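In: attaching a predicted model along with its sequence, questions to come.
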Amino acid sequence: MIPILIFLGSVALGVQAFVGLAFFISCIWEEEKRASIFAGIQFLGMLLLLIIFLVLAANGFFNKGFGLVLLILGYVLAGAGVFLLVKRSEANPMALQGTKGRIRGEVERFDERAQVFARNRSLKPGSEQYKRFYEEHPEYEEYDARRREKGGPIGHPGTIDKPHEEADVAMALASQSMCLFLSSQDKFEPEPHFYLKEKVKTKRSVLSPEEASDRVKGYALHLGAALVGITEINPLWVYSRRGEIFHENWDDWGKEIAVRHRYAVVFAEEMDFRLVGTGPHTPTMVESMQNYAKGAYISTQLAGFIANLGYSATANHLRHYDGLMVPWAVDAGLGEVGRLGYLLTKKFGPRVRLSAVTTDLPLVPDKPVDIGVESFCNICKKCAACCPSQSIPAAEQAVVNGTVRWKLNAETCFDYWGKVGTDCNVCMRVCPWSHARTFPHRLIVALITRNEIARRVFSVMDDLFYGKKPRSKAPPRWASFQ
Ligand code: SF4
Ligand code: SF4
């Protein structure tokens, strides 16, 4: 019996040292200096423990007396530790209901005209729409006018990376143009291809909802989406009125947005952790914009595919949204909303951008998920501590417009974007869920998604290894601003 216990003990300590080594290598690969030092010390400690154990075992120390007691005690402590970290904690019933679980009162549909981008990007001073809007919302007029004078984000009138920002701004705007190219009505609401136009008038596809869902999801992933889910559209998350105008289509401004489709296919693209790691500098904006362009590319083709089956479909991307992407993504089971107001996914944390296609093609909706985000964010608060404009609440969730959540201050966040000339992304960069998905980080995510104690342990470890206020990373040479 004792030799078996010693053998299993050596294997367990060997596995522990291997995980320690993997974490050390991961930190070096991530180019995280501080984390590499701590992970290196941790690995050496684990290795030393393994060597001491093997030497003592070879000398018969664990065969009797105090050594045997120590061996048994080690088993008890290790077993208890593993049990406490691995057992599944109680589910969060609110998360499992998706956005419905968060409703606490009357929810007013959001008017896109009041959204910070629409006010500052679309409204032209002196125009009829400008007058109409600020007559209804005098509280914003002076604030927005001052903001306009200073210029907006995305490289205008300059960024914190002056005078070496030129190439990054040029790349970001090139990607942004792709979204614009795909934002006229014939693009976001495509007609069937002319080969099929006559055919689908008389005969729509007869795919079953299950098969249609499989094909739509498979095609989205094939086109480059990293995650995809389907939800039945809750009308509460559809904008009430149109506010963003990109093609001088001012007749649309203020028009009611009808809930025409029953389903939304929502998908996320992964953002590169190295570029996100540079936030708030310009390379992070290059990555945001290329992801938006990817979202426009995928959603436009997906909408085209559905139109070719004979059903109506609308692409939702950076330059054409009918609804709010984050609540749709939550209901489609892509993740949960974090303290920072973004979606946190199991696979990539908040390092994603979202797009969608709404349609009347019958589909099978997915279910919302509980991956422990709410309880992790209750412990963590790192994004709130690191946000340069204090736009993220460190306090408890509150009821805002009838739903319980953490409410990001979009006004001060957008002001900061204007100040640095980028889309910042500091909150996304520092979030412990944003690390590259190397083997050790996958292991950590597997534990924190199921266990409350693991959330506490790894939140503390994240501060220790990466720092309470992690610094931004150096960009790759092609996106350098120095
Ligand atoms: S993007 Fe920047 S300013 Fe905005 S909430 Fe995140 S950290 Fe704060
Ligand atoms: S940084 Fe922490 S508190 Fe903020 S979203 Fe990420 S896990 Fe939640």
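Out: Alright, I've got the coordinates. Ligands and ions are numbered 1, 2, ... in the order given.
In: up against ligand 2, what does this structure have?
Out: With C-beta under 6 Å from any ligand atom as the criterion, the chain comes near ligand 2 at residues 338-340, 376-377, 380-383, 430-433. Backbone N, C-alpha and C define where each C-beta goes, glycine included.
In: kindly recompute the last result at 5 Å.
Out: By C-beta under 5 Å from any ligand atom, the residues of the chain that approach ligand 2 are 338-340, 377, 380, 382-383, 431.
In: and those residues, which are buried?
Out: 338-340, 377, 380, 382-383, 431 (16 or more other C-beta atoms under 10 Å).
In: could I get the full set of helices for the stretch 1-150 of the chain?
Out: Secondary structure of the stretch 1-150 of the chain (DSSP state H, counting those that start in this stretch): helices at 2-29, 33-58, 65-86, 93-96, 116-117, 128-136, 138-150.
In: list the buried residues in stretch 169-187.
Out: Of all the residues in stretch 169-187, those buried under the rule 16+ other C-beta under 10 Å are 169, 171-173, 175-176, 178-180, 182-183, 187.
In: for the record, mean pLDDT for it?
Out: Mean per-residue pLDDT for stretch 169-187: 96.
In: extract the C-alpha set from it and format it as CSV.
Out: Listed next in CSV are the C-alpha coordinates belonging to stretch 169-187 (Å, rounded to 0.1, in the frame of the first residue of the first chain):
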residue,chain,number,x,y,z
VAL,A,169,-4.6,55.3,-37.8
ALA,A,170,-4.4,54.6,-41.5
MET,A,171,-5.0,50.8,-40.9
ALA,A,172,-7.8,51.4,-38.4
LEU,A,173,-9.7,53.7,-40.8
ALA,A,174,-9.1,51.3,-43.7
SER,A,175,-10.9,48.6,-41.7
GLN,A,176,-13.6,51.1,-40.7
SER,A,177,-14.2,51.9,-44.4
MET,A,178,-15.0,48.2,-45.0
CYS,A,179,-18.0,48.5,-42.6
LEU,A,180,-19.2,51.6,-44.4
PHE,A,181,-19.0,49.9,-47.8
LEU,A,182,-21.3,47.2,-46.5
SER,A,183,-23.8,49.5,-44.8
SER,A,184,-26.1,50.6,-47.6
GLN,A,185,-29.6,49.0,-47.5
ASP,A,186,-28.9,46.7,-50.5
LYS,A,187,-25.9,45.3,-48.5
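In: contacts for it?
Out: 154-155, 159, 188, 246-247, 282, 285-286, 288-290, 292-293, 295-297, 300, 315, 317-320, 479 (C-beta atoms under 8 Å, 6 or more residues apart in numbering).
In: which of these are buried?
Out: Neighbour counting with 16+ other C-beta under 10 Å marks 154-155, 159, 188, 282, 285-286, 288-290, 292-293, 295-297, 300, 315, 317-320, 479 as buried within the contacts of stretch 169-187.
In: and Lys150, what's its pLDDT?
Out: At Lys150, pLDDT is 76.
In: in contact with it, which residues are there?
Out: Listed by C-beta under 8 Å, 6+ apart, the contact set of Lys150 reads 418-419.
In: for ligand 2, see how far away it is.
Out: Distance, Lys150 to ligand 2, using C-beta to the nearest ligand atom, to the nearest Å: 28 Å.
In: and Glu287, by the same measure?
Out: Going from Glu287 to ligand 2 by C-beta to the nearest ligand atom gives 18 Å.
In: and that residue, helix, strand or coil?
Out: Look at Glu287: counting by DSSP: H, G, I helix; E, B strand; the rest coil, its state is helix.
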